[in-house]
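Asks: with the input below, show me the fold.
(one chain, ligands or ions: 1)
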Amino acid sequence: MIATGIVIIPVLISPLPEFKTPLSTVVEASDGSLIGARIADDGQWRFPSTGQLPEKFKKALLTFEDRYFYYHPGINPFSLFRALRDNIKAGKIVRGGSTITMQVARLSRGSRSRTYGEKFIEIIGAVKLEIFKSKKRILQMYSDNAPFGGNIVGLDAASWRYTGKSPDDITWAEAAALAVLPNSPSLVYPGRNQEILKIRRDELLQKLYERKYFDSLSLVLAIDEPLPGEPKPLPSKAPHLTDLFYVRNRGERIRTTIDPVLQERAAEIINYHQKELAGNFIFNSAALIVDVPTGEVLAYIGNSTSPGLSSHGEDVDIIRSLRSTGSILKPILYAGMQQSGELLPNTLVADIPTRFPGFTPENFDQSFSGAVPASTALAQSLNIPAVGMLKKYTPERFLELLKNTGFTTFDKTAEHYGLSLILGGGETSLWELTGVYASLSRILGRFNGENKYVNGDYHPPVLLPGNSNPVEISSESTLPLSAASIWLTYEALRKVNRPETETGWQYFTSAPEIAWKTGTSFGFRDAWAIGTTPDYVIGVWAGNADGEGRPGLTGISSAAPVLFDLVGLMRPATWFTPPPEEMTNIRVCRNSGYRAGPDCPDTEEVSVCLNGLRSDACPYHRIIHLNKSKTRQVTSNCLPAEEIINESWFVLPPAMEYFYRKKHSEYKPLPPFAAGCRPEKSFPVMEFIYPTPGIKIFIPRDHTGEMTRVIPEVVHRNSSKRIFWHLDDKYITTTKQIHQTEILAPAGNHVLTVVDEDGNTLTCSFNIIGESK
Ligand SMILES: [Zn+2]
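Replies: Residues are numbered from 1 along each chain as shown. As a prediction, the model looks like this:
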């Protein structure tokens with residue numbers, strides 16, 4: 001009775017043993033395999049519990065430590081008595097007689113010296129555990145917290161560090177060695193300890209064999225297996241992702257969406273290309289692969305990890321870093337303008353020298369084609385047409401569109417970005433970029449016939465299964481970009497032209513069906529490439545984490561080859577299907593790509609967004625009057641009506657024509673007027689390239705303090721004509737062929753007038769903002 005009281009009262013008042021020790025951060029792939037871990041705050045490798053105990057280890061542990069575990073109430077009087085007897089005989093504590101439950105109670109109290117007082121506390125704790133916890137749970141607590149030598153705690157960490165494998169995959173020999181270790185963790189160290197460890201392991205294997213857990217051949221093979229030696233390094237398949245969770249979910253076990261095989265192979269590809277890039281002092285690259293239907297991240301290579309490239313910022317997670325976008329946003333503008341009907345796929349857009357105050361966009365090859373179809377301008381990533389398109393669409397609307405599609409990084413005003421927004425004036429991350437393209441592909445892939453916002457389809461990439469975070473769309477009912485506009489954009493990107501002048505284009509000739517786009521930021525600091533199919537999106541970045549630019553660092557040369565190698569890892573995809581309910585067929589002018597007007601002679605039918613019905617008619621085909629031989633323009637004033645031939649003529653404005661003719665030998669300039677035929681009204685023959693009417697020009701002083709000069713330029717349809725220049729009604733000069741001059745004018749309003757030999761006149765008013773000095 002008294003003896004019972006001695007036990008019951010302390011059990012009632014004692015705390016339930018529990019573990020409040022810090023845990024490692026463990027990051028797992030989608031299949032549960034380890035992709036990386038970070039040590040616990042107390043410097044121990046102690047993994048958060050999996051809640052699972054593999055059979056081999058369980059059998060080995062119970063056989064070695066506590067054969068009657070399932071039958072005793074936390075204490076085993078027989079083994080306690082035996083231990084007491086042996087200890088008295090030896091005059092010191094030589095054995096503990098502890099059950100696994102008692103060891104759990106002891107482990108929960110940290111490492112304390114073995115005294116009879118402690119032993120009593122352990123017994124009380126063990127009884128309490130047996131009352132409140134299941135046998136399964138107690139066994140789990142033991143396995144999660146047992147010491148395995150050094151700073152390795154718990155079976156999971158021990159299995160990875162000693163065998164390089166998940167506990168589920170260990171052999172009988174490994175299970176036996178791991179079952180022996182917690183009893184005397186120091187046995188893991190090399191030397192004589194290892195001999196003792198081998199003896200104990202082999203004895204345990206023998207017992208397991210006797211219990212018929214395996215056959216005699218397996219026993220022989222198991223005894224032959226080497227012992228665990230030096231701890232192995234833990235897998236580090238996605239170090240930057242592991243760091244991310246170390247910050248966000250410290251001490252937790254995180255199951256991610258990462259495909260472990262793809263992750264490993266994608267990292268190999270990044271590191272392979274990185275070696276080559278390093279030859280040009282480009283030291284960092286990153287890639288993100290996202291599954292389109294779910295948005296789940298399949299591979300996350302935050303940076304290259306090539307050995308020997310250390311101290312070049314490889315710790316930086318580029319996927320999360322903000323970088324200049326270069327041209328990588330152009331497809332979104334194209335889609336926006338298709339959606340609004342402001343542009344049809346092949347609408348000609350101007351590609352002529354263009355200067356804005358403080359901003360002169362240039363094409364990558366610094367040439368001008370005069371006019372190009374919008375889809376070609378997108379595929380070739382021409383900068384000047386893109387700026388012209390943004391000017392029409394406006395930076396305000398574009399910024400709104402970017403935000404609606406899921407970008408959060410463009411947090412300045414449209415005025416701040418201005419037209420440079422389309423050429424990399426803003427910054428975003430590979431994370432957001434890849435996420436937005438995945439959303440667009442999801443919208444198109446799931447097109448359901450209703451131009452309605454599919455709740456939740458716009459969301460960032462997903463790292464934890466089933467944990468998407470839908471973007472709030474400011475207009476609830478309508479998609480920021482319709483499936484049709486995305487389809488038309490992807491069709492243009494699928495045909496991405498690989499200009500001969502770009503290095504390595506041959507490399508892509510066998511490229512699979514993929515819509516892709518590259519981008520290069522100002523100063524060659526960022527090389528981007530992004531590609532999508534209905535199944536996946538791959539985003540790639542190359543450059544230097546510290547922002548240093550390198551000549552030759554371009555999207556096409558540094559990022560696209562990586563993109564296509566990564567595409568090679570993916571299973572072949574079918575192409576998207578167009579969304580017919582969102583599209584309509586209209587007749588367009590084959591020359592201009594605009595909706596066909598009454599005077600367009602050559603038309604074709606194309607599928608466009610519904611708003612394409614509202615798009616402008618072709619402005620370039622006009623009926624002109626010709627003589628019989630079609631060599632002169634005439635008017636009804638100078639020729640009888642029956643001798644006049646009326647013909648539709650494709651006439652571009654002078655500046656577009658000037659450059660377009662150089663690349664299009666089929667372009668026929670307007671014939672001159674017949675002698676004596678004065679037109680009442682004709683097409684303009686001249687056009688100012690600079691200044692443009694109404695422009696405000698800020699003129700800085702040069703290094704000598706002089707105001708720099710303005711260099712106006714005019715083009716004339718007829719290259720043989722001379723042009724006479726007047727500034728504010730004063731004659732200044734005459735030009736031939738190249739109509740460019742220099743003027744120096746004070747601050748204020750000015751009028752520039754040019755007159756050609758035939759008396760055609762063109763004026764341009766502009767304003768000079770002088771420096772206040
Ligand atoms: Zn036309």
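
Asks: show me the beta-bridge partners of Y690.
Replies: Taking DSSP bridges as the rule, Y690 bridges to E713.

Asks: right, and it touches P712 too?
Replies: Yes. The pair Y690 / P712 is scored as a contact, 5.8 Å apart, by CB atoms under 8 Å. The way it works is simple: take the backbone N, C-alpha and C, and place the C-beta from them, glycine included.

Asks: shaky segments in this structure?
Replies: 1-7, 93-96, 111, 307-310, 357-358, 448-455, 471-478, 496-512, 700-708, 770-773 (pLDDT under 70).

Asks: show me which residues of it sit near the ion.
Replies: Proximity of the chain to the ion (CB under 5 Å from the ion) is limited to residues 589, 592, 600, 618, 621.

Asks: let's have the residues you listed in CSV, adding neighbour count and distance to P480.
Replies: Listed next are the residues of the chain next to the ion as CSV, based on neighbours: other CB atoms under 10 Å; distance: CB to CB, whole Å:
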residue, neighbour count, distance to P480
C589, 26, 30
S592, 24, 29
C600, 21, 33
C618, 23, 29
H621, 22, 34
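
Asks: and which of these is nearest to S557?
Replies: S592 (33.7 Å; CB to CB).

Asks: let's see which of the residues of the chain next to the ion end up in strands.
Replies: 589, 621 (DSSP state E).

Asks: which stretches of the stretch 651-773 of the chain form strands?
Replies: 686-690, 696-698, 713-716, 722-727, 730-736, 739-740, 748-756, 761-769 (DSSP state E, counting those that start in this stretch).

Asks: likewise for the stretch 401-550 of the chain?
Replies: Under DSSP E, counting those that start in this stretch, the stretch 401-550 of the chain gives strands at 427-428, 515-520, 526-532, 536-543.

Asks: mind putting these into JSON lines with mean neighbour count?
Replies: Converted to JSON lines, the strands of the stretch 401-550 of the chain look like this (neighbours: other CB atoms under 10 Å):
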{"stretch": "strand 427-428", "mean neighbour count": "20"}
{"stretch": "strand 515-520", "mean neighbour count": "26"}
{"stretch": "strand 526-532", "mean neighbour count": "28"}
{"stretch": "strand 536-543", "mean neighbour count": "29"}
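
Asks: show me what contacts the residue of the stretch 401-550 of the chain found nearest the ion?
Replies: Closest contact between the stretch 401-550 of the chain and the ion, by CB to the ion, is at L488 (20.1 Å). L488 is in contact with 334-335, 338, 345, 608-609, counting by CB atoms under 8 Å, 6 or more residues apart in numbering.

Asks: mind checking which of the residues you listed land in strands?
Replies: Counting by DSSP E, these contribute 608-609 to strands.

Asks: JSON lines please, covering the contacts of L488 and showing neighbour count.
Replies: Formatted as JSON lines, these follow (neighbours: other CB under 10 Å):
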{"residue": "Y334", "neighbour count": "26"}
{"residue": "A335", "neighbour count": "27"}
{"residue": "Q338", "neighbour count": "29"}
{"residue": "P345", "neighbour count": "22"}
{"residue": "V608", "neighbour count": "24"}
{"residue": "C609", "neighbour count": "29"}
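
Asks: of the contacts of L488, closest to D41?
Replies: Using CB to CB, the contacts of L488 come closest to D41 at A335, 47.8 Å.

Asks: roughly how far does whatever residue of the stretch 351-500 of the chain ends up closest to the ion sit from A335?
Replies: For the stretch 351-500 of the chain, the residue closest to the ion is A371, as judged by CB to the ion, at 12.3 Å. Using CB to CB, to the nearest Å, A371 is found at 21 Å from A335.

Asks: report how many residues lie close to the closest residue to T532 other than its chain neighbours.
Replies: Spatial nearest neighbour of T532, chain neighbours left out: S441 (4.8 Å); criterion: CB to CB, 6 or more residues apart in numbering. Neighbour count of S441, defined by other CB atoms under 10 Å: 24.

Asks: ok, now which ones touch S441?
Replies: Contacts of S441 by CB under 8 Å, 6+ apart are 292, 486, 490, 532-534, 537, 576.

Asks: got a PyMOL select line for the buried ones in these?
Replies: Selection of buried members from these for PyMOL, criterion 16 or more other CB atoms under 10 Å:
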select buried, resi 292+486+490+532+533+534+537+576
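
Asks: now, the contacts of S441 that are in helices?
Replies: 486, 490 (DSSP state H).

Asks: isn't Y536 up against I289?
Replies: Yes. Between Y536 and I289 a contact is recorded at 6.1 Å, counting by CB under 8 Å.
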